[in-house]
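Chemist: Below are the sequence and a predicted model; questions follow.
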Amino acid sequence: KAGVTQTPRYLIKTRGQQVTLSCSPISGHRSVSWYQQTPGQGLQFLFEYFSETQRNKGNFPGRFSGRQFSNSRSEMNVSTLELGDSALYLCASSLAAREASYEQYFGPGTRLTVT
Amino acid sequence: QKEVEQNSGPLSVPEGAIASLNCTYSDRGSQSFFWYRQYSGKSPELIMSIYSNGDKEDGRFTAQLNKASQYVSLLIRDSQPSDSATYLCAVNDYGGATNKLIFGTGTLLAVQP
(Lines give C-alpha, C1' and ligand atoms only; values in the text may rest on other atoms or scores of the structure.)
Protein backbone atom coordinates (compact mmCIF):
# COMPACT_ATOMS: atom_id res chain seq x y z
CA LYS A 1 0.00 0.00 0.00
CA ALA A 2 1.39 3.40 -0.94
CA GLY A 3 2.28 5.76 1.86
CA VAL A 4 1.40 9.38 2.42
CA THR A 5 2.59 11.64 -0.36
CA GLN A 6 3.21 15.36 -0.21
CA THR A 7 3.94 17.85 -2.93
CA PRO A 8 6.02 19.79 -3.51
CA ARG A 9 8.95 18.52 -1.45
CA TYR A 10 10.76 21.86 -1.43
CA LEU A 11 9.61 25.43 -1.84
CA ILE A 12 11.30 28.79 -1.71
CA LYS A 13 9.04 31.81 -1.38
CA THR A 14 9.47 35.46 -0.51
CA ARG A 15 7.78 37.35 2.29
CA GLY A 16 4.22 38.38 1.51
CA GLN A 17 3.59 35.60 -0.98
CA GLN A 18 1.17 32.78 -0.42
CA VAL A 19 1.72 29.03 -0.79
CA THR A 20 -0.39 25.90 -1.18
CA LEU A 21 0.83 22.48 -0.07
CA SER A 22 -0.79 19.21 -1.02
CA CYS A 23 -1.15 15.88 0.76
CA SER A 24 -2.54 12.54 -0.39
CA PRO A 25 -3.25 10.15 2.50
CA ILE A 26 -2.88 6.40 2.59
CA SER A 27 -5.69 4.75 0.66
CA GLY A 28 -8.69 4.26 2.95
CA HIS A 29 -7.54 6.80 5.53
CA ARG A 30 -10.11 9.51 6.13
CA SER A 31 -8.30 11.69 8.66
CA VAL A 32 -5.55 14.08 7.59
CA SER A 33 -3.61 16.19 10.07
CA TRP A 34 -1.04 18.88 9.39
CA TYR A 35 1.95 19.73 11.57
CA GLN A 36 4.68 22.33 11.47
CA GLN A 37 8.17 21.35 12.57
CA THR A 38 10.84 23.91 13.43
CA PRO A 39 14.08 23.55 15.40
CA GLY A 40 12.84 25.96 18.04
CA GLN A 41 9.24 24.81 18.53
CA GLY A 42 9.40 21.17 17.54
CA LEU A 43 6.31 19.55 16.07
CA GLN A 44 3.21 21.69 16.40
CA PHE A 45 -0.32 20.70 15.39
CA LEU A 46 -1.93 22.90 12.75
CA PHE A 47 -5.29 21.29 12.01
CA GLU A 48 -7.07 18.04 11.29
CA TYR A 49 -9.63 17.18 8.64
CA PHE A 50 -12.00 14.25 8.65
CA SER A 51 -14.57 13.67 5.91
CA GLU A 52 -14.00 17.16 4.49
CA THR A 53 -14.61 18.83 7.88
CA GLN A 54 -12.05 20.58 10.04
CA ARG A 55 -12.35 18.90 13.41
CA ASN A 56 -9.65 20.68 15.33
CA LYS A 57 -7.29 23.60 14.87
CA GLY A 58 -4.04 24.41 16.60
CA ASN A 59 -2.86 27.74 17.88
CA PHE A 60 -1.81 29.30 14.59
CA PRO A 61 -2.94 32.57 13.01
CA GLY A 62 -5.70 32.71 10.44
CA ARG A 63 -3.10 32.97 7.66
CA PHE A 64 -2.90 29.20 7.94
CA SER A 65 -5.87 27.42 6.42
CA GLY A 66 -6.69 24.09 4.89
CA ARG A 67 -9.31 21.96 3.26
CA GLN A 68 -10.02 18.36 2.44
CA PHE A 69 -11.59 16.98 -0.69
CA SER A 70 -14.05 14.13 -1.11
CA ASN A 71 -11.22 11.74 -1.99
CA SER A 72 -9.54 12.63 1.36
CA ARG A 73 -6.72 14.55 -0.30
CA SER A 74 -5.92 17.70 1.61
CA GLU A 75 -4.33 21.05 0.97
CA MET A 76 -3.04 23.68 3.31
CA ASN A 77 -2.53 27.31 2.44
CA VAL A 78 -0.39 29.95 4.06
CA SER A 79 -1.04 33.52 3.02
CA THR A 80 1.15 36.58 3.51
CA LEU A 81 4.22 34.53 4.28
CA GLU A 82 6.57 35.62 7.07
CA LEU A 83 10.18 34.62 7.65
CA GLY A 84 9.05 32.64 10.71
CA ASP A 85 6.93 30.38 8.52
CA SER A 86 10.08 28.68 7.27
CA ALA A 87 9.65 25.11 8.46
CA LEU A 88 9.03 21.51 7.54
CA TYR A 89 5.32 21.00 6.99
CA LEU A 90 4.19 17.48 7.65
CA CYS A 91 0.97 15.78 6.73
CA ALA A 92 -0.18 12.67 8.60
CA SER A 93 -3.04 10.32 7.82
CA SER A 94 -4.93 7.90 10.01
CA LEU A 95 -7.68 5.38 9.47
CA ALA A 96 -10.72 6.64 11.36
CA ALA A 97 -12.07 7.93 14.66
CA ARG A 98 -11.73 4.81 16.82
CA GLU A 99 -9.07 4.96 19.49
CA ALA A 100 -6.95 2.12 18.17
CA SER A 101 -6.92 3.64 14.72
CA TYR A 102 -5.50 6.97 15.79
CA GLU A 103 -2.08 5.84 14.65
CA GLN A 104 -0.85 8.57 12.35
CA TYR A 105 1.52 7.99 9.47
CA PHE A 106 3.56 10.89 8.21
CA GLY A 107 4.42 11.88 4.69
CA PRO A 108 7.92 13.03 3.71
CA GLY A 109 7.07 16.66 4.33
CA THR A 110 7.39 19.91 2.41
CA ARG A 111 10.40 22.04 3.29
CA LEU A 112 9.33 25.69 2.99
CA THR A 113 11.91 28.44 3.01
CA VAL A 114 10.73 32.04 3.17
CA THR A 115 13.27 34.70 2.17
CA GLN B 1 -1.78 23.58 28.31
CA LYS B 2 -1.22 19.86 27.79
CA GLU B 3 2.45 18.97 27.70
CA VAL B 4 4.73 16.09 26.87
CA GLU B 5 8.22 16.16 28.36
CA GLN B 6 11.32 14.36 27.16
CA ASN B 7 15.00 14.67 27.96
CA SER B 8 16.59 16.13 24.85
CA GLY B 9 19.78 14.12 25.29
CA PRO B 10 21.93 13.17 23.58
CA LEU B 11 21.67 9.71 25.05
CA SER B 12 24.80 7.80 24.12
CA VAL B 13 24.87 4.00 24.39
CA PRO B 14 27.35 1.42 23.09
CA GLU B 15 26.33 -0.95 20.35
CA GLY B 16 24.51 -3.98 21.75
CA ALA B 17 23.34 -2.21 24.90
CA ILE B 18 19.80 -1.37 25.95
CA ALA B 19 18.68 2.20 25.28
CA SER B 20 16.00 3.55 27.60
CA LEU B 21 13.99 6.57 26.53
CA ASN B 22 11.48 8.24 28.83
CA CYS B 23 8.53 10.57 28.48
CA THR B 24 6.06 12.16 30.88
CA TYR B 25 2.74 13.76 30.06
CA SER B 26 0.55 16.23 31.88
CA ASP B 27 -3.02 15.19 30.97
CA ARG B 28 -4.16 12.35 33.21
CA GLY B 29 -7.01 11.63 30.80
CA SER B 30 -4.74 10.78 27.87
CA GLN B 31 -5.47 7.39 26.34
CA SER B 32 -3.18 6.85 23.34
CA PHE B 33 0.60 7.02 23.27
CA PHE B 34 3.06 6.74 20.43
CA TRP B 35 6.77 6.60 19.76
CA TYR B 36 8.16 7.96 16.53
CA ARG B 37 11.68 7.74 15.19
CA GLN B 38 13.02 10.59 13.10
CA TYR B 39 16.28 10.43 11.23
CA SER B 40 17.99 13.70 10.44
CA GLY B 41 16.34 15.35 7.43
CA LYS B 42 13.50 12.82 7.33
CA SER B 43 9.92 12.73 8.57
CA PRO B 44 8.79 10.90 11.74
CA GLU B 45 8.21 7.17 11.43
CA LEU B 46 5.77 5.41 13.78
CA ILE B 47 7.50 2.59 15.63
CA MET B 48 5.22 1.82 18.58
CA SER B 49 1.76 2.59 19.88
CA ILE B 50 0.46 1.69 23.33
CA TYR B 51 -2.94 2.17 24.91
CA SER B 52 -3.00 0.03 28.08
CA ASN B 53 -0.87 -0.05 31.20
CA GLY B 54 2.03 -2.45 31.02
CA ASP B 55 4.48 -3.52 28.37
CA LYS B 56 4.12 -3.98 24.64
CA GLU B 57 6.89 -5.67 22.70
CA ASP B 58 7.66 -5.53 19.00
CA GLY B 59 10.97 -7.05 17.98
CA ARG B 60 13.79 -5.18 19.70
CA PHE B 61 11.40 -2.47 20.92
CA THR B 62 9.37 -2.47 24.12
CA ALA B 63 6.99 0.32 25.07
CA GLN B 64 5.98 0.68 28.70
CA LEU B 65 3.02 2.67 29.95
CA ASN B 66 2.21 3.69 33.53
CA LYS B 67 -0.90 5.87 33.57
CA ALA B 68 -0.85 6.33 37.35
CA SER B 69 2.61 7.92 37.13
CA GLN B 70 1.89 9.47 33.74
CA TYR B 71 4.95 8.19 31.98
CA VAL B 72 5.74 6.24 28.87
CA SER B 73 9.07 4.67 28.06
CA LEU B 74 10.70 2.96 25.11
CA LEU B 75 13.38 0.33 25.47
CA ILE B 76 15.56 -0.62 22.54
CA ARG B 77 17.42 -3.88 23.05
CA ASP B 78 20.63 -4.78 21.23
CA SER B 79 21.02 -1.18 20.05
CA GLN B 80 22.54 -0.75 16.61
CA PRO B 81 24.22 2.30 15.04
CA SER B 82 21.24 2.42 12.66
CA ASP B 83 19.05 3.19 15.69
CA SER B 84 20.80 6.56 16.04
CA ALA B 85 18.00 9.09 15.56
CA THR B 86 15.68 11.40 17.45
CA TYR B 87 12.87 9.60 19.24
CA LEU B 88 9.64 11.52 19.64
CA CYS B 89 7.01 10.70 22.24
CA ALA B 90 3.46 11.69 21.28
CA VAL B 91 0.17 11.68 23.13
CA ASN B 92 -3.20 11.85 21.44
CA ASP B 93 -5.22 14.81 22.66
CA TYR B 94 -8.41 12.83 22.34
CA GLY B 95 -11.22 15.07 23.47
CA GLY B 96 -14.33 13.92 21.75
CA ALA B 97 -13.66 13.74 18.05
CA THR B 98 -10.17 14.90 17.37
CA ASN B 99 -6.97 13.43 16.15
CA LYS B 100 -4.37 15.84 17.50
CA LEU B 101 -0.98 14.58 18.61
CA ILE B 102 1.01 16.50 21.19
CA PHE B 103 4.71 15.83 20.76
CA GLY B 104 7.62 16.03 23.09
CA THR B 105 10.75 17.76 21.87
CA GLY B 106 12.44 14.42 21.25
CA THR B 107 15.46 12.58 22.63
CA LEU B 108 18.53 12.26 20.43
CA LEU B 109 19.94 8.74 20.66
CA ALA B 110 23.51 8.03 19.57
CA VAL B 111 24.60 4.39 19.39
CA GLN B 112 28.38 4.11 19.41
CA PRO B 113 29.94 1.29 17.34
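Modeler: That came through fine.

Chemist: Name the SS class of the residue nearest to the spatial centre of chain A, please.
Modeler: Chain A has A:Trp34 as the residue nearest its centroid, 2.9 Å off, counting by Cα atoms, centre = their mean. Three-state call for A:Trp34 (DSSP: H, G, I helix; E, B strand; the rest coil): strand.

Chemist: what about the worst-scoring helix or strand of chain B on mean pLDDT, near chain A?
Modeler: Lowest on mean pLDDT, DSSP states H and E among the helices and strands of chain B sits strand B:101-103, with a mean of 92. Yes. Strand B:101-103 is in contact with chain A by Cβ under 8 Å from any Cβ of the partner chain, via B:Leu101, B:Ile102, B:Phe103. (Glycine included, C-beta is placed from N, CA and C.)

Chemist: Would you give the sheet partners of the following helix or strand past that strand, along with the direction of each?
Modeler: Downstream of strand B:101-103, the first helix or strand assigned by DSSP states H and E is strand B:107-112. Strand B:107-112 sits in its sheet next to strand B:11-14 (parallel), strand B:85-92 (antiparallel), going by DSSP bridges.

Chemist: what's the closest of those strands to A:Gly40?
Modeler: Shortest distance between A:Gly40 and these, using Cβ to Cβ, is found for strand B:85-92: 14.8 Å.

Chemist: what mean pLDDT would you report for the closest one?
Modeler: The average pLDDT within strand B:85-92 is 95.

Chemist: Work out the gap between it and the centre of the chain.
Modeler: Offset of strand B:85-92 from its chain centre (Cα atoms, centre = their mean, to the nearest Å): 5 Å.

Chemist: do stretch B:69-86 as well
Modeler: How far stretch B:69-86 lies from its chain's middle: 7 Å, per Cα atoms, centre = their mean.

Chemist: coming back round to it: the closest residue to the residue nearest to the centre of chain A other than its chain neighbours: helix or strand, and which one exactly?
Modeler: Residue nearest to A:Trp34 in three dimensions, not counting chain neighbours: A:Leu46, with 4.1 Å by Cβ to Cβ, 6 or more residues apart in numbering or on different chains. Using DSSP H and E, A:Leu46 maps to strand A:42-50.

Chemist: same for the helix or strand following that strand, what does it pack against?
Modeler: Counting by DSSP H and E, the next helix or strand C-terminal to strand A:42-50 is strand A:53-57. Secondary-structure packing of strand A:53-57 (3 or more Cβ pairs under 8 Å, 6 or more residues apart in numbering or on different chains; DSSP states H and E): strand A:42-50, strand A:64-68.

Chemist: Would you give the sheet partners of the shortest one, along with the direction of each?
Modeler: According to DSSP bridges, strand A:64-68 forms sheet pairs with strand A:74-78 (antiparallel).

Chemist: in the strand it pairs with, what's buried?
Modeler: A:Ser74, A:Glu75, A:Met76, A:Val78 (16 or more other Cβ atoms under 10 Å in any protein chain shown).

Chemist: A:Ser79 is in contact with A:Thr20, isn't it?
Modeler: No. Look at A:Ser79 against A:Thr20 with Cβ atoms under 8 Å: they stay out of range, at 9.8 Å.

Chemist: next one: the helix-or-strand element of chain A with minimal mean pLDDT to chain centre, how far?
Modeler: Within chain A, no helix or strand scores below strand A:53-57, which has a mean of 89 by mean pLDDT, DSSP H and E. Distance, stretch centre to chain centre, for strand A:53-57: 12 Å (Cα atoms, centre = their mean).

Chemist: ok, and what's touching that strand?
Modeler: Strand A:53-57 is contacted by residues A:Phe45, A:Leu46, A:Phe47, A:Glu48, A:Tyr49, A:Gly66, A:Gln68, B:Ala97, B:Thr98, B:Asn99, B:Lys100 when judged by Cβ atoms under 8 Å, 6 or more residues apart in numbering or on different chains.
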